[in-house]
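>>> can you look at this prediction? I've put the sequence above it.
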Amino acid sequence: MSNINQGAEKIYTDLKSKAEEINSAREDKTIVMVGTATCGKAAGAIDVREAFIEEIKHKNINAEVVEVGCIGHCYAEPLIIISKPGFPSLSYGNVDEGLSRRLVEDFLIGDDPCYEFALAALDPNDEFPTFSDFPRGVFEEKVILEQCGLIDPEDIDQYIAVDGYHALVNALGKEPGDVVEMIKESNLRGRGGAGFSTGTKWEICRNAIGPVKYVICNADEGDPGAFMDRSILESNPHQVIEGLMISGYAVGASQGFIYVRSEYPQAVRRINTALKQAREKGLLGENILDTGFDFDIEVFLGSGAFVCGEETALINSMEGKTGMPRHRPPYPAVEGFRGKPSIINNVKTLSYVPHILRKGVDWFKGIGTPDSPGTAVFALVGKVENTGLVEVPMGTTLRTLVFDVGGGIRKEKEFKAVQIGGPSGGCLPESALDIPIDFDSLQEAGAVMGSGGLVVLDENDCMVEIARFFLDFTQKESCGKCTFCRLGTKHMLDILKRITIGQGEMEHIEILGELALDIKNGSLCGLGKTAPNPVLTTLRYFMDEYVEHIEGKRCPALMCQELINFYIVPKKCSKLCSACVGSCPVEAIFTRDDGLKAIDLDKCVKCNSCPAACPPEYDAIIKVSPPEVVEELEKENA
Amino acid sequence: MFDLELSAEEKEVIISQVSEILGQHKHNCENLVPMLQEVQQKLGYVPELAMEIIADALGVPAVSVYGIVTFYNQLRLNPPGDHEIKVCMGTACHMIGGQIILDSFERRLEIVEGETTLDRKFSLERVACVGCCAIAPVVVVDDYVDGKVTPTRVDGILLAFENTGKDKKQEQQEEKGEGQE
């Protein structure tokens, strides 16, 4: 074994020195890195990239434009990083074509780094603060997101230059059983949602009988509000591939699959490129690094069914059937894909594996809490200042996440709740903000970690409406196999719909509670078992809002469309401005004889355009609930 | 779903495309979903004729193939419009007004979600989450992701197609072709 490993080590060292050579050749060159993960692209990163390429060509400068993934600061996208010799590497946020041209002119040609536009420096220096000087940087601890947005995902050499694939070499030098033991000892828990021990899963599969085994990376991230898997695949695909290979070696598989959503075309493209490059380097395929280990990976495209994120449904869909879950046991680790023992691990779970191999079990256990070691990755979105991907140690409180890492609530509104864990999760109120989050504490509070979507809600968000939204989602995505999940969620949804349009009755609340328990007990898979969670948590923490909807026929958050109306306060309206008239898509706003504006309620579609358009110095358009209040106000002001 | 009357020419195209796809895969059930995905990628939808040919090749009843096509959200039974509009209905988008954006498109295009306009110019769909939650609400128009959309922006998006007409369409297709390389 040790001879073989010396050989592998030598091959790897050669690969690495070549990669470093290529990298150092770039060091005396100016490099502009443009974050072009899907989120960056959506914010306009492609135009920014084009502007840089054009300007650089036009001005004939010795600089290179490289596409990278996402560094997680999505609120400031499009993001770029400029590394110019003699200056600290600087990142700039909210870049547009104009700023691109200015940076080329002033920084690339001149020597002015335009600090006024810079977001942060990447490494500590004497001139400009770094991301770790941000309030958020103090609480963040990046492990699996560390290289995201800083290396070119389509260039394997950049991954190798930062020690990439060395964990694989390391693993190949051990007995497979020792690798399993190491992961087991690290107490790594599956980041796909349920938090099952990864090492135990591997051990079951390793001990299962049979010469053919499979390892599958579950990249079917379907939770609305979660995008970390997409971001990792687009920003650092090799990290996932390396993790999957190590799992393959550990359990004795020679074939791996990456099951990825077809809704993520860019992730698919970047994985395929990464696989091709790994094969070319001899890191994937037959006789890897001359160790006799054969392993290859295929990409399987999911077709947009949420339930396929559940491992047995995922297997069914890979076998060409409808993606319906099966009874467990037998667990997939014993009898999975094609009836063979199969490991299914999430993108994030696999991403931790190379790090654990490289830095050791004790390092990993030193982060987070004793029962949930490591970090947690959240997609922090909603009504929070600094949206984006964050990685914090397990055990961080929700308050820290929302207020310190996320920078608090947007527009100085009141915090209302966080919705955590997607449709299987729940809504937690202010009083739950001080819970240190890990797999177990969240379960006690009625929510789950899920894949890590974290939506922050403020005073303008209606909790009944959000419960309805998630039920609508799970009801549509239910595969229909279990009666309770199929019909129970439908019934719950009907009740919630009636409450949001003012037709609810008090006895509905009791029925909701009963149905929730039945659905939990009567469903086979995670989708059904957790579908009632958003309803249960909102009933538990926000009962008063349900009561207001049912008894008062009003929506306190002014969100449920059937229960509100828009009204222009005559005293505040400026006769001179017609911003609201122009903003209305259905011509419902008109100018009265006295010059003031008013809304024709028959035409109004309650689209929220006019309050947004009304200049803040007037702030004349308000929402009222119940809708009849408008008539009273009109009488008062007549 | 429309009652599609396919011309002989269209049928010819379907048959040749599907045979080509069948030629590239082993004829077993594991390849069924990938084959259907390829059919949709080439034709924009999965026509009844294609389902029949594939069922025949795999030796399974056509209804099993139909069952697969209807189970997965990605696969569609009717042809898309020249421009595909997908409105994101993820949590973040929903809370910041995704439904209002969908309503606006429905009102402007005079169709409901899942339909194609009569002139086949636009089709409208809702998608569960495109993973761009930070810039909600999000609309994907022909693979181009547009964030922070408002009802007036909806008018703008549609107006852009009207104003530039065919040139814009060609431009988009070129862009699309480039993006898929």
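Alright, I've got the coordinates.

>>> where in chain B is pLDDT low?
Scanning chain B with the threshold set as pLDDT under 70 gives B:1-4, B:164-181.

>>> how many neighbouring residues does the residue in the stretch 401-550 of chain A that chain B sits nearest to have?
Here the stretch 401-550 of chain A gets closest to chain B at one residue, residue A:455, 4.8 Å apart by C-beta to the nearest C-beta. Where you see a C-beta, it was placed from the backbone N, CA and C, and this is true even at glycine. For residue A:455, the tally of surrounding residues (other C-beta atoms under 10 Å in any protein chain shown) stands at 31.

>>> again with residue A:518
Neighbours of residue A:518 under the rule other C-beta under 10 Å: 14.

>>> kindly report the same for residue B:114.
Around residue B:114 there are 12 residues (other C-beta under 10 Å).

>>> pretty sure it contacts residue B:105?
No: the pair residue B:114 / residue B:105 is not scored as a contact, 11.9 Å apart, by C-beta atoms under 8 Å.

>>> identify the contacts common to these two.
Between them, residue B:114 and residue B:105 share these contacting residues under C-beta atoms under 8 Å, 6 or more residues apart in numbering or on different chains: residue B:124.

>>> wait, a helix at the residue of the stretch 401-550 of chain A closest to chain B?
No: under DSSP: H, G, I helix; E, B strand; the rest coil, residue A:455 sits outside any helix and is assigned strand.

>>> what pLDDT is listed against it?
Note for residue A:455: predicted pLDDT of 90.

>>> distance of it from residue B:85?
According to C-beta to C-beta, to the nearest Å, residue A:455 stands 24 Å off from residue B:85.

>>> enumerate the residues of the stretch 401-550 of chain A near chain B.
A:419, A:422, A:453, A:455, A:457, A:461, A:466, A:469, A:470, A:473, A:477, A:479 (C-beta under 8 Å from any C-beta of the partner chain).

>>> could you redo the residues you listed as TSV and give each row distance to residue A:134?
Converted to TSV, those look like this (distance: C-beta to C-beta, whole Å):
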residue	distance to residue A:134
A:419	25
A:422	27
A:453	23
A:455	22
A:457	24
A:461	27
A:466	30
A:469	32
A:470	32
A:473	34
A:477	37
A:479	43
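
>>> out of the residues you listed, which are inside helices?
Using DSSP state H, the members of these that fall in helices are A:466, A:469, A:470, A:473, A:477.

>>> drop anything exposed from those.
A:466, A:469, A:470, A:473, A:477 (16 or more other C-beta atoms under 10 Å in any protein chain shown).

>>> now the third one: closest residue in space that isn't a chain neighbour?
So the one you mean is residue A:470. residue A:534 (4.0 Å; C-beta to C-beta, 6 or more residues apart in numbering or on different chains).

>>> helices or strands up against the strand or helix carrying that neighbour?
Secondary-structure element containing residue A:534, defined by DSSP states H and E: helix A:533-541. Contacts defined by 3 or more C-beta pairs under 8 Å, 6 or more residues apart in numbering or on different chains; DSSP states H and E place helix A:533-541 against strand A:426-429, helix A:463-477, helix A:507-522, helix A:543-551.

>>> quick check, central residue of chain A?
Among the residues of chain A, residue A:227 comes closest to the average C-alpha position under C-alpha atoms, centre = their mean, at 2.6 Å.

>>> please enumerate the helices of the stretch 201-350 of chain A.
In the stretch 201-350 of chain A, the helices defined using DSSP state H, counting those that start in this stretch lie at A:228-235, A:237-251, A:265-280, A:311-318, A:347-359.

>>> what ranges do the helices span in chain B?
With DSSP H, the ranges of helices along chain B come out as B:8-23, B:32-43, B:48-58, B:62-71, B:91-95, B:98-109, B:151-179.
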